[in-house]
Each structure stands twice: as structure tokens, then as C-alpha cells.
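**Student:** The sequence and its predicted three-dimensional model are supplied below.
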Amino acid sequence: MKKFIIILLTLSYSFAFGQVEILFFEQIAFDFYKDSLLTKFPVKKQIKVPKYTLNFHSGSYKFQVNECLTGVLLVDGKELEIYGTYALEQMDFDSPTHVMNYENVDKKQFRIKKSNSNGYPNLKISQPYHKKTDFENFYIIISENYKRKNITYYLLIDAKGKIKNFCRKESDLIIIH
């Protein structure tokens, strides 16, 4: 009887405190980018990508989702906010959402860097954002950065990790001396 109670307690502890699987949004976005978007919109040069997700994120822009995806402009702080629990999880080096998986990438198309990707072209992927009242749909931005232009892909991903919609926007950088 003691063995039965010990086994029951062990199993109930394992089930009650088991980890909840968190979607790896940057990996989902990157896989969609390499498998679908690059077949439609191929690049001419090898793209530099960082090994760690924290180096994917760009802190130099205010997050906003273009009208091409939603029909209206959505801006961080007004309609959107970062998926906070997910962002905190990524700060842990032991997190499963910290290191990108590049096992099936074409080495002729991508160059994996251990630190921030310097040089062009490079790729940035945002953390997931959502509407303040909606935790079922997440917005991710993938940005192909070149010396004089950016190509931005806006992705809408549901809570199960399925890409629901995307759009593409190209912008030239204007340098004034």
C-alpha cells in the first residue's frame, strides 16, 4: 500500500507541475520565412542570422503592424503590447525559446553568427505582440535589412502556431547629408 501511495504522489506531482509548452514564435516565423517567403521572394546574397533569439530583436523601432496585414495601423502602446510572459521566459538561457534551430537551413542562403549580425543583408525577427484584449492572435515582424533598403514581412500567427496571414512591404532608406 505504501508503494502505491508513493507512486500516486509522484505521478500527481509530475502532472500538476509539468511544464506548459510555450510556442517558439521566432522559430515559427523563421521557418515560414525560409520555407515559404524565400521561395516567393528569393534573395541574391547570403543572409546573416544570429544564433540567439535576443540578437534577433531590434530595439531601434517602435513596434507597429502595417495596414497591409490588418486594414488599419496597429501601434505598440495603443492597440498592441508585447507578450510579456513570453518575453520574460526568453531572458532565461535555459529557455527552449532562446536558441534558434538551424538544422535544416541552406548554408548557401544563411550565415549563422554567434553574436549580433553585423553586415548586410541581415535578418531581424520581433518578439510576439498581441492586441491588448486578444491572446489568440500574435503579430511578428520579420525584417530583411540591406544597406539602403528594408523588406518587412508582417505575420499573423494564432495561439496554436499556425500562420493565418502575412503581407510584405518594401522601403528605401534615404540618407540626407
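**Tutor:** Cool, got the structure. Predicted, not measured: the structure shown is a model, and the values here were computed from it. Numbering: from 1, shown residues only.

**Student:** separation between the residue nearest to the spatial centre of the chain and residue 138?
**Tutor:** Computing the C-alpha centroid of the chain and ranking residues by CA atoms, centre = their mean puts residue 26 first, at 2.3 Å. According to CB to CB, to the nearest Å, residue 26 stands 11 Å off from residue 138. Heads up, the C-betas are built off the backbone N, CA and C, glycines and all.

**Student:** swap in residue 122?
**Tutor:** 23 Å.

**Student:** between those two, which one's more packed in?
**Tutor:** residue 138 (25 against 21; other CB atoms under 10 Å).

**Student:** OK, contacts around that one?
**Tutor:** 25, 83, 128, 129, 130, 156, 157, 158, 159 (CB atoms under 8 Å, 6 or more residues apart in numbering).

**Student:** follow-up on the earlier one: so the residue nearest to the centre of the chain, which of the three states?
**Tutor:** helix (DSSP: H, G, I helix; E, B strand; the rest coil).

**Student:** is it true that it touches residue 141?
**Tutor:** No. The criterion here is CB atoms under 8 Å, and residue 26 misses it with residue 141 at 10.8 Å.

**Student:** Next, show the common contact partners of the two.
**Tutor:** residue 125.

**Student:** what are the ranges of the helices in the protein?
**Tutor:** Secondary structure of the chain (DSSP state H): helices at 2-16, 25-32, 38-40, 67-70, 84-90.

**Student:** Comparing the ones you listed by mean pLDDT, which bottoms out?
**Tutor:** Per-stretch mean pLDDT for the helices of the chain is lowest at helix 2-16 (a mean of 42).

**Student:** pLDDT score assigned to the closest residue to residue 142 other than its chain neighbours?
**Tutor:** Using CB to CB, 6 or more residues apart in numbering and skipping residues adjacent in sequence, the residue nearest residue 142 is residue 153, 4.3 Å away. As predicted, residue 153 sits at a pLDDT of 95.

**Student:** distance of residue 153 from residue 30?
**Tutor:** 11 Å.

**Student:** who touches both of these two?
**Tutor:** residue 142.

**Student:** Quote the end-to-end distance of stretch 51-70.
**Tutor:** For stretch 51-70, the first and last residues are 31 Å from each other (CA to CA, to the nearest Å).

**Student:** I misspoke; the intended subject was stretch 126-136.
**Tutor:** End-to-end for stretch 126-136, by CA to CA: 18 Å.
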